[in-house]
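Asks: would you be able to build a 3D model of this:
(chains A, B and C)
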Amino acid sequence: MRPALNFRTIVTVVLIAALVLLPLYTGLSGNRFLLTLFTRIVIMALAAVSLNLMLGYGGMMSFGHAAYLGIGGYAVGILAHEGVLNGFVQWPVALAASALFALVIGALSLRTRGVYFIMITLAFAQMTYYTFAGLARYGGDDGLTIYKRSQFVAPIDLSNKTQFYYICLALLFGAIYLVWRLTNSRFGMAIQGARSNDIRMRAIGFPTYRYRLVCFVIAGTLCGLAGALLANQNDFVSPSIMYWTRSGDLIIMVVLGGMATPFGPVIGAVALLVLEEALSGITEYWQIILGPLLLLVVLFARGGIDGLLARADSKVRS
Amino acid sequence: MTLFIEQCLNGLQFGLLLFLLAAGLTLVFGIMDLVNLAHGSLYMIGAYFAATFAAWTGSFVLGAILALLATLLVGMVVEVVVMRRIYGRDHLDHVLATFGLILFFDEAVRLIWGPAGLSLSLPPWLSAPVQILPGVNYSAYRLAVIVVTLAVAGFLYVLVMRTRIGMLIRAGASNREMVGALGVNIKLLYTLVFGLGAALAGLAGLMQAPILTVQIGMGENIVILAFVITVIGGIGSIRGALVAALLVGFIDTLGRAFFPDILRMLLSKEAAATLAPALSSMLIYLLMAVVLVVKPEGLFSAGNK
Amino acid sequence: MSGPAILQVENLAKRFGGIVATDDLSLEIAAGELHAVIGPNGAGKTTLIAQLSGQLTPDSGRIHFSGADITTLPMYRRSRLGLARSFQITSLFLDLSVLDNVALAVQAHAGHSFRFWRDARREPALRDPARAVLVRAGLSERADQPASALSHGEHRQLELAMALASAPRMLLLDEPMAGLGPEESSAMVTMLRALKGKVTILLVEHDMEAVFALADRITVLVYGRVIASGTPDDIRANAAVREAYLGESEGAHV
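Replies: Model (predicted):
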C-alpha cells in the first residue's frame, strides 16, 4: 500500500475537486470559454483513460486509437444527418460500431508484435480517416455539421452546457472506476501478465491473444463513447478528429500523466491541453515549443508528471 | 489502352518513389531497432530545400543536388542530437520523441517558409512529354524519376550486397551484438545509416516536389504508406521493401484510376460514385490485412526477430 | 523403466536453415521418473524443450503426452494438459510481485480469466494455493516484493514455484541450476529431490553431479541425436558417451 498522503494523491484529489467545482466558477465569473475548454479536456481524458487500459495495463502500443473517436463521432453524426436523433439509439450504435471495428482491427493487428503492431494500428486508423474523408454524402473532407445534439428524455438536455459538462465528467469517473475494477480482476491480471511476459503467460497456460483482443475491444468501445461525446460537444464531426496526430496526442496524455495509473490519463489530458492553450496564447508557432518539450520529457523526465511526482514522494520519504 | 500504359508507368514511378522512403525506414528499423515516425519530415524537408535551392541557383539539377546534401546533413544532425540517445529505449519512447520531432519540423518549416506551399518548376528539357511508343506520350520528368530511382535501387543493392559497409548493415539487421563484437565503430555506422535513410527520404521528397505542391504535412501521409510497405515487405528487408513498394504503387495508382469504373459495372451509378473514393483508398490496407493473415512477419522478413 | 510412458517422442526433427537442431529424435519418459537430458553445448537440448512445450513446432515427428497427440497444440493448451516448463533464462513477470507471479500460474489453471469485476488479489482461491507453493519453494518471506528485487538464486526458485503452482503432471526444467552458486545449487537439488516421484520431471542440466545424483534415467544428446539412454550407471559405463561427451568434459568438471 502507498502512504495515504503523498504528492500524487494530493494532485489527484485537487484535480478531482477542481473538475467537480469548475462550473460553479465559470457560472459566477461568466467565463464560458473555460467551461467549453474543460468539457473538451474531460472528453479527451475519457479517450485517454480508454487508451491507458490498452497501452498502460495491456502494453499494446496502439497508434490508431483516435480512429474510435471518429467512429463514435460519425455514428452520432451520420444518424443525426439521417434524422435519427434519439440518443438511446445513437449512443449504443456508436459503442457497437466502435466495438465491431476494434474487433476486426484487433484480430488482425494482434497477430503481430512490437514495431509491426504500432505501424499496423496506425495504418488502419489512417485507412479509416481516408474512408470517411471519401464519403461525400457525409461531408467528406469538410466534415458533417450536427444540427441537433443527441436527444434523451427530460430532464436530460445536452445543449445545456453545464449539464453536458457534468454528464461528460460522470462518464469519465465511471470509466475510471470501470478500468480500475477491470485491471484488478482476473482479466486484468491476465492482460498485465501478458504485458510483462507474453511467452511465459502462454507457457503457464493463458491463451493471451484472446485476452489482449478483449482488452483491445473494451478500450476501443470506451473511446467510441468519447467520440460520441465529442461530436455532441462540437456539433460537428470531421475526419480530422481521427487524424494520426490525434492518436499521438492521446499517447502523450497517457504517458505524461503516468501509464497504468487510474487517474494518470486525466492528469495528462489536463496538462497537455492546458499547455497547448497557454502556448498558443504566447505564440502562433506554439508547436515549435511543444515538440522539443516532448523530446525533453522523453530524454530527461521519463514517466512524465507521474514520474516527477513519484520521485518527489520518494525524496520526501527518504 | 494509352491510359492504361500511362497509369502503369505512374504506378511504377510512384512505387519506386515509395521504395526510396521505405528503404530508409526499413534500414533504420532493422539496424537500430528505431521507430522513426519523423521519416516523413525528412521527405518534406528535402522538398522544401529543393524548391529553395533551385530558386537560388536557377538550376533544377544543382538545386536538387544541394537539397540532397542538405537533407543528409539534417539527418545526421538529428541522429547525433536526438536518436542516438534513445536507441535501446522501448518503442514508446521512440514514438514520443519522433512525434515531438514532427511537431518541431512542421512548425519550423511554417516559421521559415510560411504556411502557403511552394512550387518547384521544371526546366524545359524535363517538362515536355516524350514519345515512348508510337502514339503514346509520357511525361519526360516522370521517366527521369523512374530512371533515377532505379539507379538508386541499383546503388543500394551494390552498397548492401557488395561492400564492407553493406556487410555490416546486413549483419546488423540480423544480429546487432555481432556487429559490436566485430569492433566496428557502431556510433559512426548508425549516424551514416540514419543519414543515408534521411537522404533517400529527401530524394523522394525533392523528386515529388515538381509533381505535387510542396507543403507542410506532405510527408505525413506518404510516410504511412511507407509503414504499410515495411509491414508488407518485412522489417529489415530491402528486397521486401522493393517488392512491397511496387505492389503498393501499382495497386494504389491503378485502383484510384480504374476501381471506380469496375465498381460502376457492379453497382448503381449513384452508389458507385459514393463508395468509389472511399473504397479505392482502402485497397492497399486490404492488401496489408491479407498479408498479415497469411504471413504476419511480412513477405520477406529479415533475420530472427 | 517403472510405469507406463507419459511422454513419447517419435522421430522428431527440426532444422534452422542448414543447422540440424533435432535429428530423428525418439524418447520415452515413464510416469513418475526423473529423466535427465544431457549433452554438450549445441546438442539441441533447449530446442527439444521448446518443441515439447510448444514454443517451436517440429518439422516432422510426433509428440504424445499421456496418450494425446500434442505435436501441433499451442503452448497454453499443453500447459492445460499438465505439461509445465521452466525457462533457462529466467522468464518471470518482473514488474509484478512474487505472489502475483505464482498467483497468475494458479489462475491459469483455475478456469477462464474472463472475469472482469472481482478483485483477483483478494480471491482466496488464487492467493492461498500461491502462498502454499511459495512456502514449499522457500520464498514466503519475499511474497510481496516485486519479482525484480529477487536474487538470481531466488529467481530460479520462483521459476520452479510457478511451474509447480499449476499442479502439473510433468515438469520440463531447462537448466534450473544455471548460474547458481554452490549453496543455491544444493538447495535446488534438495527441492528437486523432494519433488521426485510426485511429478514426472524432464531435467536438462549441465551440472553433472546434480544429474547423476537425481536422475532415474539419463538420455545423452549429441548434435540433436540420442546417442545413449539408460540408468546413470549405464551411462557412466557407455563407451560412446565417454568418448563423445564425458571425455570432453572431464577437464571442465573435475
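Asks: in which helix or strand does the spatially most central residue of chain C reside?
Replies: The C-alpha lying nearest the average C-alpha coordinate of chain C belongs to C:Leu173 (Cα atoms, centre = their mean; 1.6 Å). Per DSSP states H and E: C:Leu173 is located in strand C:170-174.
Asks: what angle sits between whichever helix or strand comes after that strand and strand C:170-174?
Replies: The helix or strand immediately downstream of strand C:170-174 is helix C:182-195, counting by DSSP H and E. If you take axes from the mean of the first three to the mean of the last three Cα atoms, to 10 degrees, helix C:182-195 sits at 160 degrees to strand C:170-174.
Asks: how far is helix C:182-195 from where the chain is centred?
Replies: In terms of Cα atoms, centre = their mean, to the nearest Å, the centre of helix C:182-195 is found 14 Å from the chain centre.
Asks: let's see that helix as CSV, backbone CA atoms only.
Replies: This file holds the C-alpha atoms of helix C:182-195, laid out as CSV (Å, rounded to 0.1, in the frame of the first residue of the first chain):
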residue,chain,number,x,y,z
PRO,C,182,27.2,-23.9,-4.6
GLU,C,183,24.8,-23.3,-1.8
GLU,C,184,21.9,-22.3,-4.0
SER,C,185,22.6,-25.4,-6.2
SER,C,186,22.4,-27.7,-3.3
ALA,C,187,19.1,-26.0,-2.1
MET,C,188,17.8,-26.6,-5.6
VAL,C,189,18.8,-30.3,-5.6
THR,C,190,17.1,-30.7,-2.2
MET,C,191,13.9,-29.1,-3.7
LEU,C,192,14.1,-31.4,-6.8
ARG,C,193,14.6,-34.5,-4.6
ALA,C,194,11.5,-33.6,-2.6
LEU,C,195,9.5,-33.4,-5.9
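Asks: B:Leu206 contacts B:Leu68, correct?
Replies: Yes. Using Cβ atoms under 8 Å, B:Leu206 is in contact with B:Leu68, at 6.9 Å. From N, CA and C alone the C-beta is placed, and that goes for glycine too.
Asks: quick check: neighbours shared by the two?
Replies: When contacts are counted by Cβ atoms under 8 Å, 6 or more residues apart in numbering or on different chains, B:Leu206 and B:Leu68 have B:Gly46 as shared neighbours.
Asks: who has more neighbours, those two?
Replies: B:Leu206 (30 against 21; other Cβ atoms under 10 Å in any protein chain shown).
Asks: what about whichever residue of the stretch 51-200 of chain A sits closest to chain B, neighbour count?
Replies: Closest approach between the stretch 51-200 of chain A and chain B, counting by Cβ to the nearest Cβ: A:Gly134, at 3.4 Å. Using other Cβ under 10 Å, A:Gly134 has 20 neighbouring residues.
Asks: what sits against it?
Replies: Applying Cβ under 8 Å, 6+ apart, the residues contacting A:Gly134 are A:Gly140, B:Ala276, B:Pro277, B:Ala278, B:Leu279, B:Ser281.
Asks: the second one: how many residues sit nearby?
Replies: Neighbours of B:Ala276 under the rule other Cβ under 10 Å: 21.
Asks: lowest average confidence, helix or strand, in the chain?
Replies: Picked chain A for this. helix A:304-317 (a mean of 80; mean pLDDT, DSSP states H and E).
Asks: should've been chain B
Replies: helix B:176-181 (a mean of 62).
Asks: where along chain C do the helices fall?
Replies: C:45-53, C:75-81, C:98-108, C:124-136, C:152-165, C:182-195, C:208-214, C:232-237, C:239-241, C:247-253 (DSSP state H).
Asks: out of these, which is the most enclosed?
Replies: Ranked by mean neighbour count, these are led by helix C:98-108 with a mean of 28 (mean count of other Cβ atoms under 10 Å in any protein chain shown).
Asks: does it reach chain A?
Replies: Yes. Helix C:98-108 comes into contact with chain A (Cβ under 8 Å from any Cβ of the partner chain), by way of C:Asp100, C:Ala103, C:Leu104, C:Ala105, C:Gln107, C:Ala108.
Asks: same list (the residues you listed) but as TSV, adding pLDDT.
Replies: Shown next, in TSV, are the residues of helix C:98-108 next to chain A (pLDDT from 0 to 100):
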residue	pLDDT
C:Asp100	94
C:Ala103	94
C:Leu104	94
C:Ala105	91
C:Gln107	94
C:Ala108	90
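Asks: quick check: the residue sitting nearest the centre point of chain A vs C:Met188, distance?
Replies: Centroid-nearest residue in chain A, with Cα atoms, centre = their mean: A:Ala47, separated by 1.4 Å. Counting by Cβ to Cβ, to the nearest Å, the separation of A:Ala47 from C:Met188 is 49 Å.
Asks: then B:Val214?
Replies: B:Val214 is 67 Å from C:Met188, by Cβ to Cβ.
Asks: close to chain A: what parts of the stretch 151-254 of chain C are there?
Replies: Near chain A, when you scan the stretch 151-254 of chain C using Cβ under 8 Å from any Cβ, you find C:Met162, C:Ala163, C:Ala165, C:Ser166.
Asks: name the nearest residue to the third one, ignoring sequence neighbours.
Replies: By that I understand C:Ala165. C:Ala105 (3.7 Å; Cβ to Cβ, 6 or more residues apart in numbering or on different chains).
Asks: of the residues of the stretch 151-254 of chain C next to chain A, closest to chain B?
Replies: For those, the nearest to chain B is C:Met162 (24.6 Å; Cβ to the nearest Cβ).
Asks: which ones are touching A:Gly139?
Replies: So A:Gly139 contacts A:Thr145, A:Ser238 (Cβ under 8 Å, 6+ apart).
Asks: for it, give me the pLDDT.
Replies: A:Gly139 carries a pLDDT value of 88.
Asks: what's the answer for the one 5 residues further on, then?
Replies: The predicted local distance difference test score for A:Leu144 is 94.
Asks: so what's the nearest residue to it once chain neighbours are set aside up against?
Replies: If the residues on either side of it in the chain are set aside, A:Leu144 comes closest to A:Gly77, at 4.5 Å by Cβ to Cβ, 6+ apart. Taking Cβ under 8 Å, 6+ apart as the criterion, A:Gly77 is in contact with A:Tyr138, A:Leu144, A:Ile146, A:Ala231, A:Phe236, A:Val237.
Asks: just the closest of these to C:Ser140, please.
Replies: Relative to C:Ser140, the closest of those is A:Ala231; by Cβ to Cβ it sits at 54.2 Å.
Asks: now the one helix or strand that closest one maps to: how far from the chain's centre is it?
Replies: Per DSSP H and E: A:Ala231 is located in helix A:208-234. Centroid separation between helix A:208-234 and its chain, computed with Cα atoms, centre = their mean, is 9 Å.
Asks: same question for stretch C:48-58.
Replies: 12 Å.
Asks: is that stretch in proximity to chain B?
Replies: No. Figure legend: stretch C:48-58 not in contact with chain B (Cβ under 8 Å from any Cβ); closest approach 12.5 Å.
Asks: these two touch, right, A:Leu55 and A:Ser62?
Replies: Yes. Under the criterion of Cβ under 8 Å, A:Leu55 makes contact with A:Ser62 at 6.5 Å.
Asks: quick one: which of the two has more around it?
Replies: Neighbours of A:Leu55 and A:Ser62, each counted by other Cβ under 10 Å, are more numerous for A:Ser62; the result is 30 against 25.
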